[in-house]
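Engineer: coords please:
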Amino acid sequence: MHNKVVLLDLENNVPTAQLFRDIIEHYRTLYIFNGLGQFQFPLTELTELAAWISSGQIVVLDTLTAKEKEFEYAVLVGQLLALIELETHIEVISAQDTAPMLTDMISASGFQCSLIQIQAEPAQAQSKSKAKFSMPSTQAILANPQLLQIKKYCEISSKNSGKPNTIAKLKNALCNILQVDAEQATHLVGMLINLKIVKCQDDQVSFRKKVLKQWVELDLSEANTLPTATASQAILEKVDSILSTLNIDPQKILAEIEQQQSIESVQSDLFKNFDQIDPVQMEVIRKLNAMKSEKPKDIYALRDLLEELFPKSDVRLLLKEMIEKGYIYWNGHAVIYSHEMFLN
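Structural biologist: Numbering: from 1, shown residues only. Below is the predicted model:
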């Protein structure tokens with residue numbers, strides 16, 4: 001377990017102190033990020049959060065707000081390359097539909113990586129006026145094979161007198177009942193916890209009987225009786241949405257276009273240097289990235305390596321330009337390779 005870390009996406013996934021405690025207990029480091037640049041946390045637990053961050057148990061990663069998710073994820077992967085050894089296994093927990101893109105980029109950079117996809121928390125989930133445990137709609141369950149597996153497991157599990165009381169036993173039960181592999185079982189465990197069917201405390205688990213009963217008694221056949229009506233309603237809603245846009249004030253449309261152009265202009269300036277990199281610098285970046293964890297940490301060793309690889313180049317000038325462009329940093333003791341190298 002010491003060779004595993006967790007990368008937790010907080011967007012549409014409101015964290016709790018207990019969640020952090022559970023992860024920290026089983027993993028050496030928890031890396032967190034939010035594409036929105038911020039997240040909410042209870043005021044009474046901020047002291048504990050600050051202690052975790054100062055001790056290095058929780059690391060907050062920088063994010064970049066961009067039109068394309070690839071740029072945002074590239075910045076994250078670049079930071080992971082600088083902070084984590086390639087032999088480390090990264091467990092990604094995310095409620096975002098684009099999470100598979102992130103895991104693919106992490107794997108492509110040389111890490112071992114797995115994904116636990118959870119459901120996004122609805123905005124009203126924390127409202128006291130709402131039900132404590134909210135279930136997905138029958139249409140959502142029918143459209144999601146994994147939710148159907150959860151439903152099937154609940155029905156079979158409710159008939160058994162003895163239920164698993166640890167995460168390991170729960171994984172084994174899922175494997176046996178649903179005929180899934182270990183990785184799929186891990187994903188389903190995360191869904192059971194996120195759907196509030198199972199309560200997890202340290203390595204122990206317990207079933208919430210009321211929530212389990214709701215899942216067992218949910219009749220999916222009713223949703224199957226009116227598929228045509230449901231589809232027709234969805235089509236009508238889309239048509240209404242399109243028609244409503246035709247009645248928008250023209251001045252408002254122009255203002256939105258100007259705002260969008262402004263945003264695109266800022267992002268265009270941000271990424272304008274992507275295709276203006278010196279060929280020698282690009283070759284240096286490629287060779288250094290190929291070395292992975294064996295990149296020189298000493299500035300003099302890096303200088304000697306560059307002189308060996310590029311005997312006809314002015315290595316001192318090359319180092320100076322790479323530092324000025326932010327590809328590498330020199331803190332007086334060691335060379336730090338930035339995520340800009342990965343972006344390029």
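Engineer: point out where the stretch 201-344 of the chain drops to low pLDDT.
Structural biologist: Applying pLDDT under 70 to the stretch 201-344 of the chain flags the ranges 222-279, 331-332, 339-344.
Engineer: please redo it, this time with the cut-off set to 90
Structural biologist: 201-206, 208-211, 213-214, 217-344 (pLDDT under 90).
Engineer: one more: the stretch 1-150 of the chain?
Structural biologist: Screening the stretch 1-150 of the chain residue by residue with the criterion pLDDT under 90, one finds the ranges 1-4, 10-28, 34-56, 62-76, 78, 81-88, 95-99, 108-110, 116-147.
Engineer: so who does residue 113 touch?
Structural biologist: With contact set as Cβ atoms under 8 Å, 6 or more residues apart in numbering, residue 113 has these partners: 89-92, 103, 106-107. To be clear about C-beta, it is placed using only N, CA and C from the backbone, and glycine gets the same treatment.
Engineer: how is this protein carved up into domains?
Structural biologist: 4-122, 136-221, 275-343 (automatic domain parsing).
Engineer: where do the strands sit along this protein?
Structural biologist: In order along the chain, the chain carries the following strands (DSSP state E): 4-9, 30-33, 58-60, 89-94, 112-117, 198-201, 204-207, 328-330, 335-337.
Engineer: including distance to residue 146, could the ones you listed go into a markdown table?
Structural biologist: Converted to a markdown table, the strands of the chain look like this (distance: least, Cβ to Cβ, whole Å):
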| stretch | distance to residue 146 |
| --- | --- |
| strand 4-9 | 18 |
| strand 30-33 | 24 |
| strand 58-60 | 29 |
| strand 89-94 | 15 |
| strand 112-117 | 8 |
| strand 198-201 | 15 |
| strand 204-207 | 18 |
| strand 328-330 | 43 |
| strand 335-337 | 38 |
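Engineer: between the ones you listed, which gets nearest to residue 167?
Structural biologist: Between residue 167 and the strands of the chain, the shortest separation by Cβ to Cβ is 5.9 Å, and it involves strand 204-207.
Engineer: buried ones in stretch 16-25?
Structural biologist: 19-20, 22-24 (16 or more other Cβ atoms under 10 Å).
Engineer: distance from that stretch to the middle of the chain?
Structural biologist: Distance of stretch 16-25 from the chain centroid (Cα atoms, centre = their mean, to the nearest Å) equals 17 Å.
Engineer: of the contacts of residue 113, grab the buried ones for ChimeraX.
Structural biologist: Buried residues within these, by 16+ other Cβ under 10 Å, are selected in ChimeraX with:
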select :90,91,92,103,106
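Engineer: how many residues are close by residue 50?
Structural biologist: For residue 50, the count of nearby residues is 11 (other Cβ atoms under 10 Å).
Engineer: same deal with the one 10 residues further on?
Structural biologist: Neighbour count for residue 60, taken as other Cβ under 10 Å: 14.
Engineer: which ones are touching it?
Structural biologist: 32-33, 53.
Engineer: kindly recompute the last result at 6 Å.
Structural biologist: residue 32 (Cβ atoms under 6 Å, 6 or more residues apart in numbering).
Engineer: what does residue 54 give?
Structural biologist: By Cβ under 6 Å, 6+ apart, residue 54 has no neighbours at all.
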